[in-house]
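Student: take this sequence and fold it.
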Amino acid sequence: MSDEEGGRSPDTDALTHTDDAGDVQMVDVGSKPDSSRRAVARGEIRLTPATIAAVEADEVEKGDVLATARIGAVQAVKHTWETIPMCHQIPITNVDTEFAVGDDRIELTVAVETTGKTGCEMEALEGVTTGLNTVWDMVKAAEKDADGGYPDTRIADVEVVNKRKETVGE
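Tutor: Sure thing, here's the model as predicted:
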(Lines give C-alpha, C1' and ligand atoms only; values in the text may rest on other atoms or scores of the structure.)
Protein backbone atom coordinates (compact mmCIF):
# COMPACT_ATOMS: atom_id res chain seq x y z
CA MET A 1 0.00 0.00 0.00
CA SER A 2 1.14 3.51 -0.66
CA ASP A 3 0.89 6.35 1.80
CA GLU A 4 -2.24 7.64 0.10
CA GLU A 5 -3.96 4.31 0.77
CA GLY A 6 -3.45 4.56 4.52
CA GLY A 7 -0.87 1.82 4.78
CA ARG A 8 2.82 1.91 5.37
CA SER A 9 5.25 4.38 3.91
CA PRO A 10 6.96 3.00 0.79
CA ASP A 11 10.37 3.96 2.22
CA THR A 12 9.97 2.58 5.75
CA ASP A 13 7.82 0.26 7.79
CA ALA A 14 6.30 3.26 9.57
CA LEU A 15 2.56 3.75 9.55
CA THR A 16 1.71 6.88 7.60
CA HIS A 17 -1.36 8.03 9.54
CA THR A 18 0.18 7.98 13.02
CA ASP A 19 3.06 9.98 14.46
CA ASP A 20 5.83 8.73 16.76
CA ALA A 21 3.53 9.07 19.78
CA GLY A 22 0.78 7.04 18.07
CA ASP A 23 -1.46 10.03 17.46
CA VAL A 24 -3.49 10.10 14.25
CA GLN A 25 -2.28 12.52 11.59
CA MET A 26 -3.10 13.45 8.04
CA VAL A 27 -0.41 12.50 5.52
CA ASP A 28 1.51 15.49 4.13
CA VAL A 29 1.24 15.23 0.34
CA GLY A 30 2.52 18.76 -0.32
CA SER A 31 5.79 17.70 -1.92
CA LYS A 32 4.25 15.10 -4.23
CA PRO A 33 3.92 15.98 -7.92
CA ASP A 34 0.48 16.47 -9.42
CA SER A 35 -0.81 13.39 -11.20
CA SER A 36 -3.83 12.56 -13.29
CA ARG A 37 -5.73 9.94 -11.30
CA ARG A 38 -8.77 7.75 -11.82
CA ALA A 39 -10.41 5.24 -9.51
CA VAL A 40 -13.37 2.96 -10.18
CA ALA A 41 -15.43 1.26 -7.47
CA ARG A 42 -18.51 -0.91 -7.63
CA GLY A 43 -21.07 -2.53 -5.37
CA GLU A 44 -24.58 -3.89 -5.46
CA ILE A 45 -27.83 -3.84 -3.56
CA ARG A 46 -29.91 -7.01 -3.48
CA LEU A 47 -33.65 -6.45 -3.71
CA THR A 48 -36.79 -8.49 -4.28
CA PRO A 49 -37.81 -9.04 -7.92
CA ALA A 50 -41.00 -7.05 -7.25
CA THR A 51 -38.97 -4.04 -6.13
CA ILE A 52 -36.69 -4.32 -9.17
CA ALA A 53 -39.78 -4.34 -11.40
CA ALA A 54 -41.10 -1.21 -9.67
CA VAL A 55 -37.75 0.55 -10.13
CA GLU A 56 -37.65 -0.35 -13.83
CA ALA A 57 -41.26 0.80 -14.36
CA ASP A 58 -40.62 4.04 -12.42
CA GLU A 59 -43.42 3.08 -10.03
CA VAL A 60 -41.62 3.73 -6.74
CA GLU A 61 -43.66 6.16 -4.64
CA LYS A 62 -40.69 8.37 -3.72
CA GLY A 63 -39.75 8.99 -7.37
CA ASP A 64 -37.05 8.06 -9.86
CA VAL A 65 -34.78 5.75 -7.86
CA LEU A 66 -31.77 5.66 -10.16
CA ALA A 67 -31.76 9.40 -10.90
CA THR A 68 -31.89 10.15 -7.18
CA ALA A 69 -29.18 7.60 -6.43
CA ARG A 70 -26.97 9.12 -9.14
CA ILE A 71 -27.29 12.54 -7.49
CA GLY A 72 -26.51 11.01 -4.10
CA ALA A 73 -23.43 9.28 -5.47
CA VAL A 74 -22.05 12.46 -7.05
CA GLN A 75 -22.72 14.48 -3.90
CA ALA A 76 -20.93 11.86 -1.79
CA VAL A 77 -17.89 11.94 -4.07
CA LYS A 78 -17.67 15.71 -3.71
CA HIS A 79 -17.96 15.57 0.10
CA THR A 80 -15.75 12.57 0.93
CA TRP A 81 -13.15 14.75 2.66
CA GLU A 82 -15.85 15.83 5.12
CA THR A 83 -16.80 12.30 6.20
CA ILE A 84 -13.53 10.33 6.06
CA PRO A 85 -11.27 11.94 8.68
CA MET A 86 -7.87 11.56 7.00
CA CYS A 87 -8.94 12.24 3.40
CA HIS A 88 -7.68 15.33 1.65
CA GLN A 89 -10.04 17.70 -0.11
CA ILE A 90 -9.27 17.09 -3.77
CA PRO A 91 -10.40 18.74 -7.00
CA ILE A 92 -12.86 16.35 -8.64
CA THR A 93 -12.63 16.73 -12.41
CA ASN A 94 -15.17 14.08 -13.40
CA VAL A 95 -17.63 11.56 -11.92
CA ASP A 96 -19.29 8.84 -13.98
CA THR A 97 -22.03 6.62 -12.56
CA GLU A 98 -23.40 3.51 -14.21
CA PHE A 99 -26.23 1.28 -13.04
CA ALA A 100 -26.83 -2.30 -14.13
CA VAL A 101 -30.24 -3.64 -13.15
CA GLY A 102 -30.57 -7.41 -12.76
CA ASP A 103 -33.43 -9.66 -11.69
CA ASP A 104 -32.67 -9.31 -7.97
CA ARG A 105 -30.02 -6.59 -7.71
CA ILE A 106 -28.84 -3.22 -8.87
CA GLU A 107 -25.12 -2.78 -9.41
CA LEU A 108 -23.58 0.67 -9.23
CA THR A 109 -20.17 1.55 -10.66
CA VAL A 110 -18.65 4.94 -9.90
CA ALA A 111 -15.56 6.29 -11.67
CA VAL A 112 -13.84 9.38 -10.25
CA GLU A 113 -11.13 11.48 -11.87
CA THR A 114 -8.87 14.15 -10.39
CA THR A 115 -5.58 15.87 -11.00
CA GLY A 116 -3.67 16.31 -7.79
CA LYS A 117 -1.32 14.91 -5.19
CA THR A 118 -3.41 12.04 -3.82
CA GLY A 119 -5.73 9.36 -5.14
CA CYS A 120 -9.50 9.26 -5.44
CA GLU A 121 -10.41 5.68 -4.51
CA MET A 122 -12.09 6.75 -1.27
CA GLU A 123 -14.24 9.15 -3.28
CA ALA A 124 -15.27 6.33 -5.64
CA LEU A 125 -16.13 4.09 -2.66
CA GLU A 126 -18.14 6.87 -1.00
CA GLY A 127 -20.03 7.37 -4.26
CA VAL A 128 -20.92 3.68 -4.46
CA THR A 129 -21.98 3.28 -0.84
CA THR A 130 -24.04 6.48 -0.75
CA GLY A 131 -25.60 5.73 -4.13
CA LEU A 132 -26.63 2.27 -2.93
CA ASN A 133 -27.86 3.64 0.41
CA THR A 134 -29.97 6.10 -1.59
CA VAL A 135 -31.51 3.21 -3.54
CA TRP A 136 -32.31 1.50 -0.22
CA ASP A 137 -33.92 4.67 1.14
CA MET A 138 -36.02 5.10 -1.99
CA VAL A 139 -37.34 1.49 -1.97
CA LYS A 140 -37.44 0.67 1.74
CA ALA A 141 -41.24 0.75 1.94
CA ALA A 142 -41.43 -1.95 -0.74
CA GLU A 143 -38.66 -4.03 0.83
CA LYS A 144 -39.92 -3.95 4.43
CA ASP A 145 -41.53 -7.12 5.76
CA ALA A 146 -44.46 -7.37 8.22
CA ASP A 147 -42.07 -7.09 11.18
CA GLY A 148 -40.42 -3.94 9.82
CA GLY A 149 -37.21 -5.74 8.78
CA TYR A 150 -35.41 -6.09 5.47
CA PRO A 151 -34.71 -9.83 5.09
CA ASP A 152 -34.09 -9.70 1.31
CA THR A 153 -32.24 -6.37 1.18
CA ARG A 154 -28.49 -5.99 1.51
CA ILE A 155 -25.60 -4.02 0.12
CA ALA A 156 -22.74 -6.30 -0.89
CA ASP A 157 -19.45 -6.64 -2.71
CA VAL A 158 -18.30 -3.02 -2.50
CA GLU A 159 -14.77 -2.83 -3.89
CA VAL A 160 -12.23 -0.77 -5.79
CA VAL A 161 -11.92 -2.41 -9.19
CA ASN A 162 -9.39 -0.13 -10.85
CA LYS A 163 -6.92 2.64 -10.02
CA ARG A 164 -4.62 4.58 -12.30
CA LYS A 165 -2.08 7.32 -11.81
CA GLU A 166 -0.10 9.23 -14.46
CA THR A 167 2.29 12.04 -13.61
CA VAL A 168 1.19 15.26 -15.29
CA GLY A 169 3.43 16.00 -18.28
CA GLU A 170 4.27 12.37 -19.06
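Student: can you check which strand is longest in the protein?
Tutor: strand 154-167 (DSSP state E).
Student: report the buried residues of that one.
Tutor: By 16 or more other C-beta atoms under 10 Å, the buried positions in strand 154-167 come out as 155, 160, 163. C-beta here means a position set from N, CA and C on the backbone, and glycine is covered the same way.
Student: which of those residues sits closest to Ala41?
Tutor: Val160 (5.0 Å; C-beta to C-beta).
Student: list the contacts of that closest one.
Tutor: Taking C-beta atoms under 8 Å, 6 or more residues apart in numbering, we find Val160 in contact with 39-41, 121, 124-125.
Student: so where do the helices sit in the protein?
Tutor: 49-56, 65-78, 80-83, 121-143 (DSSP state H).
Student: output the contacting helices and strands for the third one.
Tutor: The contact analysis (3 or more C-beta pairs under 8 Å, 6 or more residues apart in numbering; DSSP states H and E) places helix 80-83 against helix 121-143.
Student: helices or strands next to the helix it packs on in the packing?
Tutor: Going by 3+ C-beta pairs under 8 Å, 6+ apart, helix 121-143 lies up against strand 35-46, helix 49-56, helix 65-78, helix 80-83, strand 92-101, strand 105-116, strand 154-167.
Student: among the ones you listed, which is nearest Thr130?
Tutor: Smallest distance to Thr130 across the helices and strands packed on helix 121-143 (C-beta to C-beta): 3.4 Å, for helix 65-78.
Student: and the closest one, average pLDDT?
Tutor: In this model, helix 65-78 has a mean pLDDT of 98.
Student: which residues does the residue nearest to the spatial centre of the chain contact?
Tutor: Central residue of the chain (C-alpha atoms, centre = their mean): Leu125, 2.1 Å from the mean position. Taking C-beta under 8 Å, 6+ apart as the criterion, Leu125 is in contact with 41, 158, 160.
Student: adding distance to Ala76, write those residues out as CSV.
Tutor: Converted to CSV, the contacts of Leu125 look like this (distance: C-beta to C-beta, whole Å):
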residue, distance to Ala76
Ala41, 11
Val158, 13
Val160, 15
